[in-house]
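Undergrad: When you get a sec, could you give me coordinates for this:
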Amino acid sequence: MAQRLLLRRCLASIISRKPPQSGWAPLTSGTLQTLQLSPGGLAVTSCQAQSIYTSRVCATTFNIQDGPDFQDRVVNSDTPVVVDFHAQWCGPCKILGPRLEKMVAKQQGKVVMAKVDIDDHTDLAIEYEVSAVPTVLAIKNGDVVDKFVGIKDEDQLEAFLKKLID
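TA: Predicted coordinates for the structure are as follows:
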């Protein structure tokens, strides 16, 4: 019972901390406390931690949340968008996804990548005539300008992205 109370207090103190108001977010601050399960029970240990600050970075890859999000971030985008229609259960998708993310990141913001899980967003898959996964669309100014289905190697992906950017 005492262990549960201690755990609740620790979690409550972590949750109740307010984030800083500036554009910089600390990863750690002051004393770092950890919970350890030992043969004698639950123990809280403390150690000094140095504050590390990071800036907010604009991501080149994002997950689509719903139809309006797709409309806003993909169709209405000023930047060309590569849309990766994938599924969690799809083996080839797990190979292509990271490869495509890496190639998009190399473009340094000239193109962004949207990821659409077809199981969560069946309506978008139907609207864009996705009949197999992985399917990748190139969308520029709201229009589909290119498309491929299946796995591609890095040279083929580079050529695909170059056509989209030019």
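Undergrad: Residue 152 belongs to a helix?
TA: No - Residue 152 is assigned coil when assessed by DSSP: H, G, I helix; E, B strand; the rest coil, not a helix.
Undergrad: and it, what is it in contact with?
TA: Applying CB atoms under 8 Å, 6 or more residues apart in numbering to residue 152 gives the contacts 96, 99, 160. C-beta here means a position set from N, CA and C on the backbone, and glycine is covered the same way.
Undergrad: swap the cut-off to 7 Å and go again
TA: By CB atoms under 7 Å, 6 or more residues apart in numbering, the contact set of residue 152 is residue 160.
Undergrad: can you check the one 4 residues further on too?
TA: With contact taken as CB under 7 Å, 6+ apart, residue 156 is in contact with no other residue.
Undergrad: Go ahead and report the secondary structure state at residue 94.
TA: Under three-state DSSP, the three-state class of residue 94 is helix.
Undergrad: how about the helices in this structure?
TA: For the chain, the helices defined by DSSP state H cover 2-16, 67-70, 91-106, 122-127, 154-165.
Undergrad: can I get those helices in JSON lines with distance to residue 83 and mean pLDDT?
TA: Shown next, in JSON lines, are the helices of the chain (distance: least, CB to CB, whole Å; pLDDT from 0 to 100):
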{"stretch": "helix 2-16", "distance to residue 83": "36", "mean pLDDT": "60"}
{"stretch": "helix 67-70", "distance to residue 83": "8", "mean pLDDT": "96"}
{"stretch": "helix 91-106", "distance to residue 83": "10", "mean pLDDT": "96"}
{"stretch": "helix 122-127", "distance to residue 83": "9", "mean pLDDT": "96"}
{"stretch": "helix 154-165", "distance to residue 83": "11", "mean pLDDT": "95"}
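Undergrad: Give me the domain ranges for the chain.
TA: Domain assignment for the chain, taken from automatic domain parsing, gives 2-55, 61-165.
Undergrad: related to what we said a few turns ago, could you point out which of the helices of the chain sits nearest residue 60?
TA: Closest approach to residue 60 among the helices of the chain (CB to CB): helix 91-106, 5.4 Å.
Undergrad: now the angle from that closest one to helix 154-165?
TA: 60 degrees (axes from the mean of the first three to the mean of the last three CA atoms, to 10 degrees).
Undergrad: So which elements touch helix 91-106?
TA: Counting contacts by 3 or more CB pairs under 7 Å, 6 or more residues apart in numbering; DSSP states H and E, helix 91-106 packs against strand 81-86, strand 112-117, helix 154-165.
Undergrad: which other residues reach the first one?
TA: Here strand 81-86 makes contact (CB under 7 Å, 6+ apart) with 74, 93, 97, 100, 104, 111-118, 125, 130, 133-139, 161, 164.
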